[in-house]
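In: next input, structure requested:
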Amino acid sequence: MQSFSRLTILGLLSLLSLTCQAGAMDREWEQQIAERLAEQAEVTETVWLKAGEEEFLGLFNRQTSDKAGGAIIILHGMGAHADWPRLISPLRLSLPEQGWSTLSIQLPLVAIDNPVEDYGKTLVAATARLEAAVRFLRTRKYLNIVVVGHSFGAATVLSYLSDPQRPRILALAAIGLQEYPFLKPAINVLALIEAAQLPILDIYGARDYRRVRNHAPDRRLAAKKAGNKNYRQVEVPGANHYFYKMEDVLAKQIRGWLDKAAPGVSIMVDQDFDGNDEDQQQQQQQ
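Out: Just a heads-up that it's a prediction; the model follows:
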């Protein structure tokens, strides 16, 4: 089966815009999209995960390369979904060929008629879903878990990292990361970068949104203030915010960086798997 075509998505969103009244439940809209994705998306396994009382969709593709690198959780941006044809679907389908299993999860959506600043209110639920995804992969015995986040998805990961009690991830590839001053409540991305002590790939396009490009020096400075020697920033010539027609370049950049920043883990000693996650890990390059 093929991933959603652009026309299919536009048709679905048009339908939903007619059926969703202002103030309608965001979950109802999300559930309709998730059910359609579960039917049509190209995937090894469709999984339904739970964060609190909420059930959400995950699209899992097992690695097909002889050499396994680990698992990548993929987070989409605002208003998108777990199989978004720009950037998200190409990454989740191509990275397994390069040795990384992928789990693309559906983040909370704001109803079409609601203001975009309401996405600030979804952050708590979004980080809970990321935690559930990490725990799911650990039940599948994945020892090397990293996250690729696009735009607001990347900001979600940084927020997740602000709580050291959450299950550990080993690296973050942040694509098109930017500030969101219009959100309510606001997200201080620079402060979150300063607090994050793990390998970060800050990758964006030379034709990216102005806010992404203009604040790139600020993001570098925030990482420098934190003393994060494992922070790397890359501007890709010719690429826009979605790396349109440059998805292969993006996947190659991520894979090459992960080979150095998060090599395969051969042993994990986990003394408290079911709750407060203080991992004791012995890492060995494959």
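
In: continuing past the top helix by length along the chain, what's the next helix or strand?
Out: When the chain is parsed with DSSP state H, its longest helix is helix 123-139. Downstream of helix 123-139, the first helix or strand assigned by DSSP states H and E is strand 145-150.

In: what mean pLDDT does the helix or strand that comes right after that following strand have?
Out: Sequence order places helix 152-161 as the next helix or strand after strand 145-150, per DSSP H and E. The average pLDDT within helix 152-161 is 97.

In: what's downstream of helix 152-161, the next helix or strand?
Out: Remark: after helix 152-161, the chain's next helix or strand is strand 172-175, criterion DSSP H and E.

In: in stretch 85-101, what counts as buried?
Out: By neighbour count on 16 or more other C-beta atoms under 10 Å, the buried set for stretch 85-101 is 85-96, 98-101. Glycine gets a C-beta too; all of them are placed from N, C-alpha and C.

In: that should have said stretch 44-64, apologies.
Out: 47, 49, 51, 56-61, 63.

In: among the residues you listed, which are in strands?
Out: Among these, the members found in strands (DSSP state E) are 47, 49, 51, 56-61.

In: max pairwise distance over those: which two?
Out: Greatest spatial distance among those (C-beta to C-beta): 51 and 61, at 21.1 Å.

In: where along the stretch 151-286 of the chain do the strands fall?
Out: Ranges of strands in the stretch 151-286 of the chain, per DSSP state E, counting those that start in this stretch, are 172-175, 200-205, 231-236, 267-269, 280-282.

In: out of these, the one nearest residue 189 is which?
Out: So among the strands of the stretch 151-286 of the chain, strand 172-175 is nearest, using C-beta to C-beta, at 9.3 Å.

In: the closest one pairs with which strands?
Out: Applying DSSP bridges, strand 172-175 is found paired with strand 145-150 (parallel), strand 200-205 (parallel).

In: what residues does it touch?
Out: Strand 172-175 is contacted from outside by 87, 146-151, 154, 157-158, 161, 196, 198-204, 243, 250, 254, 257-258, using C-beta atoms under 8 Å, 6 or more residues apart in numbering.

In: buried by neighbour count, from those: which ones?
Out: 87, 146-151, 154, 157-158, 161, 196, 198-204, 243, 250, 254, 257-258.

In: hmm, back to that, list the helices and strands the longest helix of the chain packs on?
Out: Counting contacts by 3 or more C-beta pairs under 8 Å, 6 or more residues apart in numbering; DSSP states H and E, helix 123-139 packs against strand 45-51, strand 54-61, strand 70-75, strand 100-105, strand 145-150, helix 152-161.
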